[in-house]
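Chemist: Build me a model:
(one chain, ligands or ions: 1)
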Amino acid sequence: MWRMIRVQSVTKRYGDFVAVDDVSFVCRPGRVTGFLGPNGAGKTTTMRVMTGLTPATSGRITIGGHSYRDLPNPGRHVGVLLDASAQHGGRTGREVLALGAHLMGLPTSRVDEMLDLVSLSETESRRRVRHYSLGMRQRLGIAHALLGDPAVLILDEPANGLDPAGIRWMRDLLTSYADRGGTVLLSSHLLNEVELIADEMVLIGRGRIVAQGDKRALLQGRGTGTFVTAVDPSAMAAALERTGYVTVPAGDGFRVEAAPVDIGRVAAEHGLVLSDLRPADGGLESLFLELTAEEQRESFGNAEVAA
Ligand SMILES: Nc1ncnc2c1ncn2[C@@H]1O[C@H](COP(=O)(O)OP(=O)(O)OP(=O)(O)O)[C@@H](O)[C@H]1O
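Modeler: This next block holds a predicted model:
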């Protein structure tokens, strides 16, 4: 399948540090695949390997059976948005697209079509990119990725900086692109964004894939137990542990296999104040919160020091 992205056992090491650890997944035509993971999980690194910007330590990524670097005129096959801020700030948006069109051998009429598609006005297109808002840069980056009418799109955090209307616009754009048979891979560190846009999900944490598959199947996943946060979450978790429950850190609280009433009882016995108590919903959300728990715990620590 010439539109398929196939990631095969990719590992990327920086010295002793393993940024991407034996990662495998595929992105299929007609589907939007969301690549989801907390900051530093290895999403950008994987996408850089995918687009030939960084060599893998081992493993291979092919797009339609070829390495990106072996594609002739790659922009005609694969649209890439890796870092929307990387555009030359001194050029206008129109110049950025005109240069891209020239390099890909496309007519300049394509520039206006793309500006139109991403809703950058005539005036905005003549402004220098350094004066663009982040959202405008993302729109320009998406226009640039789509210039060559590629069959495959690889977008790193494309929703970054877009307002809710912008996110909805992007979702419609990518959905219709996939409906026409395109392959889309987009990364995000925000579950809600990916949940809205993707058909398939690949979850990565600390360089390893922790879950992947059809979004609906994953969201129906394994959500059990109760999600708990408290004014003093560590004390609350400790009290439950002493009562014989097992707690698993999740977001700014933890998940526990216990009924809300039993958690309430333990809180009352220990004079602790609960601030949130609800069914641990989608398996994906709890999995994602568990993945990100460490960073959140660090922010607790800081808050305690500050107080
Ligand atoms: N050139 C490099 N040298 C050393 N370490 C690197 C290099 N590039 C990335 N890393 C490390 O690899 C890990 C993965 O980074 P990466 O940018 O792929 O994460 P990410 O999932 O895209 O995160 P974010 O959501 O923050 O963009 C991080 O710990 C990062 O510090």
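
Chemist: how about the nearest residue to the residue sitting furthest away from the middle of the chain, chain neighbours excluded?
Modeler: Farthest-out residue of the chain from its mean C-alpha position, per CA atoms, centre = their mean: residue 269, at 41.7 Å. Spatial nearest neighbour of residue 269, chain neighbours left out: residue 239 (7.6 Å); criterion: CB to CB, 6 or more residues apart in numbering. Backbone N, C-alpha and C define where each C-beta goes, glycine included.

Chemist: was I right about the one you found contacting residue 271?
Modeler: No. Look at residue 239 against residue 271 with CB atoms under 8 Å: they stay out of range, at 9.6 Å.

Chemist: Please identify which of the two sits among more neighbours.
Modeler: Legend: neighbour count by other CB atoms under 10 Å for residue 239 and residue 271, higher for residue 239 (20 against 8).

Chemist: tell me which parts of the protein are close to the ligand?
Modeler: 14, 17, 19, 37, 39, 40, 41, 42, 43, 44, 45, 189 (CB under 6 Å from any ligand atom).

Chemist: Now go through those residues and say which are in helices.
Modeler: The members of those that map onto helices under DSSP state H are 43, 44, 45.

Chemist: which of those lies closest to residue 29?
Modeler: Nearest to residue 29 among those: residue 43, at 21.2 Å, using CB to CB.

Chemist: Could you check the pLDDT of the closest one?
Modeler: Residue 43 carries a pLDDT value of 95.

Chemist: Could I get the contacting residues of the spatially most central residue of the chain?
Modeler: Nearest to the mean C-alpha position of the chain, counting by CA atoms, centre = their mean, stands residue 188 at 1.6 Å. By CB atoms under 8 Å, 6 or more residues apart in numbering, the residues touching residue 188 are 34, 35, 36, 157, 159, 194.

Chemist: Neighbours of the second one, how many?
Modeler: It stands for residue 35. Around residue 35 there are 31 residues (other CB under 10 Å).

Chemist: Can I take it that it is in a strand?
Modeler: Yes. Assessed with DSSP: H, G, I helix; E, B strand; the rest coil, residue 35 lies in a strand.

Chemist: With adjacent residues omitted, what lies nearest to it?
Modeler: Spatial nearest neighbour of residue 35, excluding adjacent residues (CB to CB, 6+ apart): residue 187 at 4.1 Å.

Chemist: give the contact list for that neighbour.
Modeler: Shown in contact with residue 187 (CB under 8 Å, 6+ apart): 34, 35, 36, 37, 43, 44, 47, 155, 156, 157.

Chemist: Do you know the pLDDT at it?
Modeler: pLDDT recorded at residue 187 is 95.

Chemist: do residue 300 as well
Modeler: Looking at residue 300, its pLDDT stands at 43.

Chemist: With residue 283 instead?
Modeler: pLDDT for residue 283: 59.

Chemist: which of the residues of the chain next to the ligand count as buried?
Modeler: 19, 37, 41, 42, 43, 44, 45, 189 (16 or more other CB atoms under 10 Å).

Chemist: how close does residue 262 get to residue 225?
Modeler: Relative to residue 225, residue 262 is positioned 11 Å away (CB to CB, to the nearest Å).

Chemist: quick one: which of the two has more around it?
Modeler: Neighbour count, other CB under 10 Å: between residue 262 and residue 225, residue 225 has more, with 21 against 14.

Chemist: ok, and the closest non-adjacent residue to that one?
Modeler: Of all residues not flanking residue 225 in the chain, residue 257 sits nearest, at 4.4 Å (CB to CB, 6+ apart).

Chemist: Contact partners for the residue of the stretch 151-300 of the chain found nearest the ligand?
Modeler: The minimum distance from the stretch 151-300 of the chain to the ligand, using CB to the nearest ligand atom, falls at residue 189 (4.2 Å). Neighbouring residues of residue 189 by CB under 8 Å, 6+ apart: 36, 37, 38, 39, 41, 43, 157.

Chemist: What backbone torsions are found at the last one?
Modeler: Geometry field for residue 157 lists phi and psi as phi 50, psi 50, criterion degrees, to the nearest 10.

Chemist: As a check, name the ranges of all helices in this protein.
Modeler: Here the chain has its helices, by DSSP H, at 43-50, 93-103, 109-117, 122-125, 134-146, 164-179, 191-197, 215-220, 233-242, 260-269, 283-306.

Chemist: Lowest average pLDDT across those helices?
Modeler: Of all these, mean pLDDT reaches its minimum on helix 283-306 (a mean of 56).

Chemist: what residues go with each domain of this protein?
Modeler: The chain breaks down by automatic domain parsing into domains covering 5-219, 226-306.
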